[in-house]
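Colleague: Could you work out the structure for the sequence below:
(one chain, ligands or ions: 1)
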Amino acid sequence: MDIPKSLVRRTSWPTSTSRPVVTPLQPSVVYASPDPDALDAQYTDGTGYTYAREGHPNADVVAAKIDMLEGAPELFDTPGIMTGSGMAAIGAAFLGVLKAGDHVLGGDQLYGRTLRLMTQDLPRFGIDTSVADPTDVGAMRAALRPNTRMIVVEVISNPTIRVADMEGIAALAKEHGILLVVDNTFTTPRLYQPFAHGADITIHSVTKLLAGHSDATLGYVAARDPDLRLAIATANATWGMTPSPYDCWMAERGMHSFDLRFDRSQSTARLLADALAEVPGVTRVIYPTRPDHPDHNRAVGLFGGQGGNMLSFELAGGRAAANAMTRAAPDVAFAPTLGDVGTTLSHPASSSHRALSAEAQADLGISQGFFRVSVGIEEPELLISEMVRAARAAS
Ligand SMILES: *Cc1c(COP(=O)(O)O)cnc(C)c1O
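Modeller: Below you'll find the model as predicted:
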């Protein structure tokens, strides 16, 4: 290596015939180019990085891995876009694609912030929105308007674990030339690949199962059509929703174990669902592979017999039993997130769905004794015995 001439200049880097085994973290905000011709080419042909808000290597490394999981290049060949959060991915898709006068139809149990974005924020920009039950394609059809530009759905609803009629909705969108946007966060590409089933845009909160350790906030959005892809990438950079290199780097590290974590969490979730169903004070367990699931046949068809890592259950004793449950299982984090390596328990009536009236909660089947569980990768016997003991103690 050359002897440096300055403490300030950053031009020297040791050469090595070997390469690092770990993906380097590249925090550089800006990139220096050899000359104006080269810089011109970077802007016009995308031949190099210029400024981190426009893109950086750590984002591209993670995006390529999620592209692979979602079926690129067999199903779509436009590279996915990383965003600063799952909500930024949804925001970028809306901002890049919609205009005043459009109508957006959403599933009625979308993620809370997505619903807020649709009901409170899009209308301020002259975009109409409404919601309908995505398990009932007739209800979705009835809610279409002449100006419907986009349908937004999640395959598995939160927190009631209902399974949307994805085939019916995809056919409906195709018939009317409407863009189908699928938030695939709960399902992950292991349960469902939206592009293989007619989606135009696929979104992830990478924060959840993909990154998997609750230490990176990140989103992903991919569009099949190159013009839509460009519009979304431009909105992402212009509105400043691009991610930090550090979060991308952390997420890539987390994703190394995604398949293993998914397998383990899913197999434990199935066992836990059946174990909880045997506890006398548990009135309901909702898990896709259970024959008593309200959309069981559809779930089997869509997920090929898999059930994922999310389940919900209800205790007979209302809020008092709910309080007793979390106190009796102090090692299971009572925290409103999902997809972490550790199991988390959430209570929608006091958190995600607290803004709803008691009547609206009851319509969804969310009582004071209702819990959602995101099953993690801890020792299955340990987790199941803790949860069963707590549910017994609570009832
Ligand atoms: C968490 C979540 C989001 C938002 O993701 P953030 O990374 O928290 O912004 C969107 N959709 C679903 C289904 C989620 O679970």
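Colleague: tell me the secondary structure for the most centrally placed residue in the chain?
Modeller: Relative to the mean C-alpha position of the chain, the nearest C-alpha, by CA atoms, centre = their mean, is the one of T185, at 2.5 Å. What DSSP: H, G, I helix; E, B strand; the rest coil gives for T185 is coil.
Colleague: of all the residues in this structure, which ones are close to the ligand?
Modeller: 85-87, 111, 113-114, 154, 183, 185-186, 205, 207-208, 217, 219 (CB under 6 Å from any ligand atom). Placement of C-beta: from N, CA and C, glycine included.
Colleague: Among those residues, name the ones in helices.
Modeller: Those of the residues of the chain next to the ligand mapping onto helices are G86, M87, R113, T114, per DSSP state H.
Colleague: Which two of the residues of the chain next to the ligand have the greatest separation?
Modeller: E154 and T217 (18.9 Å; CB to CB).
Colleague: Kindly provide the distance from the residue in the stretch 1-150 of the chain that the ligand sits nearest to to T202.
Modeller: Evaluated by CB to the nearest ligand atom, the stretch 1-150 of the chain has G86 as its residue closest to the ligand, separated by 2.2 Å. Plainly put, G86 is 12 Å away from T202 if you go by CB to CB, to the nearest Å.
Colleague: Is L144 in contact with S130, as I believe?
Modeller: No - L144 is not in contact with S130 according to CB atoms under 8 Å; the separation is 9.5 Å.
Colleague: Show me which of these two is the more surrounded one.
Modeller: Per other CB atoms under 10 Å, whichever of L144 and S130 has more neighbours is L144, with 18 against 15.
Colleague: Can you tell me the SS state at the more buried one?
Modeller: L144 ends up coil, using three-state DSSP.
Colleague: quick one: it from L110, how far?
Modeller: Per CB to CB, L144 is found 17 Å from L110.
Colleague: Going along the chain, name the strands of this structure.
Modeller: 81-83, 103-107, 128-132, 148-154, 179-183, 201-205, 219-223, 282-286, 310-315, 333-334, 344-346, 370-374 (DSSP state E).
Colleague: dump the residue contacts of M1.
Modeller: M1 makes contacts with S12, W13, P14, T15, as judged by CB atoms under 8 Å, 6 or more residues apart in numbering.
Colleague: no, scratch that, I was asking about Y43
Modeller: Residues in contact with Y43 (CB under 8 Å, 6+ apart) are T50.
Colleague: how close does it get to T23?
Modeller: Counting by CB to CB - Y43 and T23 are separated by 26 Å.
Colleague: on that earlier part again, who touches both of L144 and S130?
Modeller: What both L144 and S130 touch, as defined by CB under 8 Å, 6+ apart, is the set L105.
Colleague: any idea where the helices of the stretch 151-300 of the chain begin and end?
Modeller: Ranges of helices in the stretch 151-300 of the chain, per DSSP state H, counting those that start in this stretch, are 166-176, 188-191, 226-238, 245-255, 258-277, 296-303.
Colleague: In CSV, list those helices along with mean pLDDT and mean neighbour count.
Modeller: Output for the helices of the stretch 151-300 of the chain, formatted as CSV (pLDDT from 0 to 100; neighbours: other CB atoms under 10 Å):
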stretch, mean pLDDT, mean neighbour count
helix 166-176, 98, 18
helix 188-191, 98, 21
helix 226-238, 98, 18
helix 245-255, 98, 22
helix 258-277, 98, 19
helix 296-303, 97, 18
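Colleague: I'd like those as a markdown table, with distance to E54 appended.
Modeller: Output for these, formatted as a markdown table (distance: least, CB to CB, whole Å):
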| stretch | distance to E54 |
| --- | --- |
| helix 166-176 | 31 |
| helix 188-191 | 27 |
| helix 226-238 | 5 |
| helix 245-255 | 13 |
| helix 258-277 | 27 |
| helix 296-303 | 37 |
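Colleague: just to revisit the earlier point, who's more crowded, E154 and T217?
Modeller: Between E154 and T217, counting by other CB under 10 Å, E154 is the more crowded of the two (23 against 20).
Colleague: ok now do P380, which residues does it touch?
Modeller: Residues near P380 by CB under 8 Å, 6+ apart: R264, S267, T268, L271, L272.
Colleague: thinking again about what came up before, Serialize the ones in helices among the residues of the chain next to the ligand to TSV and add fields for distance to M241 and pLDDT.
Modeller: What follows is those, written out as TSV (distance: CB to CB, whole Å; pLDDT from 0 to 100):
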residue	distance to M241	pLDDT
G86	11	98
M87	9	98
R113	14	93
T114	15	95
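Colleague: Please report which of these has the highest neighbour count.
Modeller: G86 (24 neighbours).
Colleague: Over in the stretch 101-250 of the chain, which residue gets nearest the ligand? Let me know.
Modeller: Using CB to the nearest ligand atom, the single residue of the stretch 101-250 of the chain nearest to the ligand is S205, 3.0 Å away.
Colleague: I should have written the stretch 251-395 of the chain there, sorry.
Modeller: L338 (6.1 Å).
Colleague: and the residue lying closest to R190 once chain neighbours are set aside, how far is that from A63?
Modeller: Residue nearest to R190 in three dimensions, not counting chain neighbours: F262, with 5.0 Å by CB to CB, 6 or more residues apart in numbering. From F262 across to A63, the span is 19 Å (CB to CB).
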